[in-house]
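1. Sequence unavailable; structure follows:
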């Protein structure tokens, strides 16, 4: 299995994810979590696998200096257009994470790695690279496709045979991630390098709600309720995505 990039899927990806409540909830949770921890000063921000740049644009609008790294040219160009329309500045680099980390010597106050790990052939190497890119007192914002959420979704739908066969891999070239991540296995890889300071669930109930009920609820109420339950002790771990805010083990902050 190889890392998957999205050259021909940018517009489809945008419409499917960010043109729906799914994308709105994702951004709301990420923004709420980051607002709680980030210092009140301009930061050097790196967005690895930046995609269409939604989070980077929001951070640039807060006054931070943002570098977007994305291998898919069509996605990067879409992000550039969004920044231009918003009259915001940023640095745009077309590269995969391996090439960028080999050539870059800078460290950043905040590194974003959102919905990237599940598209990689393996995750261990990038976690070490991300630590090298993060300042000692900086933050890593790590969001990933949650295997536990996928298991619950299949249980609800009655896909028991699929579960018994452990068929979790998405179709090659599609929008279903290649590799949903077991949060316990990922934590075993993360924790030697990082302190996981905060954990939130993204879409802890939205995707499991029957559509006929979901359609009756105003989008604002859906978003606000997701925010309220994103750290519920029994529900947060069942989010379709999980968001971990981490600091390097080299951090001086206990």
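-> Everything's here; your move. These figures come from a predicted structure and were not determined experimentally.

2. give me the low-pLDDT residue ranges for the stretch 51-200 of the chain?
-> Applying pLDDT under 70 to the predicted model, the residue ranges of the stretch 51-200 of the chain that meet it are 169-176, 178.

3. Show me where it has its helices.
-> If DSSP state H, counting those that start in this stretch is used as the criterion, the helices of the stretch 51-200 of the chain fall at 54-61, 73-86, 97-103, 124-133, 147-157, 160-164, 183-190.

4. and residue 202, which of these is closest to it?
-> Across these, the minimum distance to residue 202, taken as C-beta to C-beta, is reached by helix 147-157, at 9.0 Å. Glycine gets a C-beta too; all of them are placed from N, C-alpha and C.

5. picking that back up, just the helices of the stretch 51-200 of the chain: most buried one?
-> Each of the helices of the stretch 51-200 of the chain was scored by mean neighbour count; the highest is helix 54-61, a mean of 21, by mean count of other C-beta atoms under 10 Å.

6. Now for residue 89: which residues touch it?
-> Taking C-beta atoms under 8 Å, 6 or more residues apart in numbering as the contact definition, residue 89 lies against 60, 83.

7. any idea how far it lies from residue 158?
-> Distance of residue 89 to residue 158, given as C-beta to C-beta, to the nearest Å: 50 Å.

8. Kindly reformat the helices of the stretch 51-200 of the chain as TSV containing distance to residue 116.
-> Putting the helices of the stretch 51-200 of the chain into TSV (distance: least, C-beta to C-beta, whole Å) gives the following:
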stretch	distance to residue 116
helix 54-61	12
helix 73-86	12
helix 97-103	7
helix 124-133	8
helix 147-157	16
helix 160-164	25
helix 183-190	12
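
9. part of a strand, is residue 243?
-> Yes. Under DSSP: H, G, I helix; E, B strand; the rest coil, residue 243 falls within a strand.

10. Tell me which residues of the longest helix seen in the chain come out buried.
-> Among the segments of the chain that qualify as a helix by DSSP state H, the longest is helix 21-37. By neighbour count with 16 or more other C-beta atoms under 10 Å, helix 21-37 contains the buried residues 21-31, 33-34.

11. I'd like the mean pLDDT over that helix, please.
-> Confidence over helix 21-37 (mean pLDDT, whole number) is 96.

12. Quick check: which helices or strands does that helix pack against?
-> Secondary structure elements in contact with helix 21-37, counted by 3 or more C-beta pairs under 8 Å, 6 or more residues apart in numbering; DSSP states H and E, are helix 54-61, strand 134-145, strand 194-202, helix 219-229, strand 241-248.

13. Please identify the deepest-packed of these.
-> Here the criterion is mean neighbour count by mean count of other C-beta under 10 Å, and of these the winner is strand 241-248, at a mean of 24.

14. Contacts for it next, please.
-> Outside strand 241-248, the residues within contact range by C-beta under 8 Å, 6+ apart are 26, 29-30, 33-34, 37, 115, 131, 134, 136-146, 149, 183, 190, 193-203, 236, 253.

15. How far off centre is that strand?
-> In terms of C-alpha atoms, centre = their mean, to the nearest Å, the centre of strand 241-248 is found 9 Å from the chain centre.

16. Next, the angle from that strand to helix 21-37.
-> 20 degrees (axes from the mean of the first three to the mean of the last three C-alpha atoms, to 10 degrees).

17. what are the pairing partners of strand 241-248, and which direction each?
-> Strand 241-248 has the following strand partners under DSSP bridges: strand 134-145 (antiparallel), strand 194-202 (antiparallel).

18. Can you add distance to residue 208 and give those strands back as CSV?
-> CSV is the format used below for these (distance: least, C-beta to C-beta, whole Å):
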stretch, distance to residue 208
strand 134-145, 15
strand 194-202, 12
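
19. And these: which comes nearest residue 126?
-> Each of the strands paired with strand 241-248 was scored for nearness to residue 126 using C-beta to C-beta, and the closest is strand 134-145 (10.2 Å).

20. Next, the angle helix 54-61 makes with the closest one.
-> Using the same axes, to 10 degrees, the inter-axis angle of strand 134-145 relative to helix 54-61 is 140 degrees.
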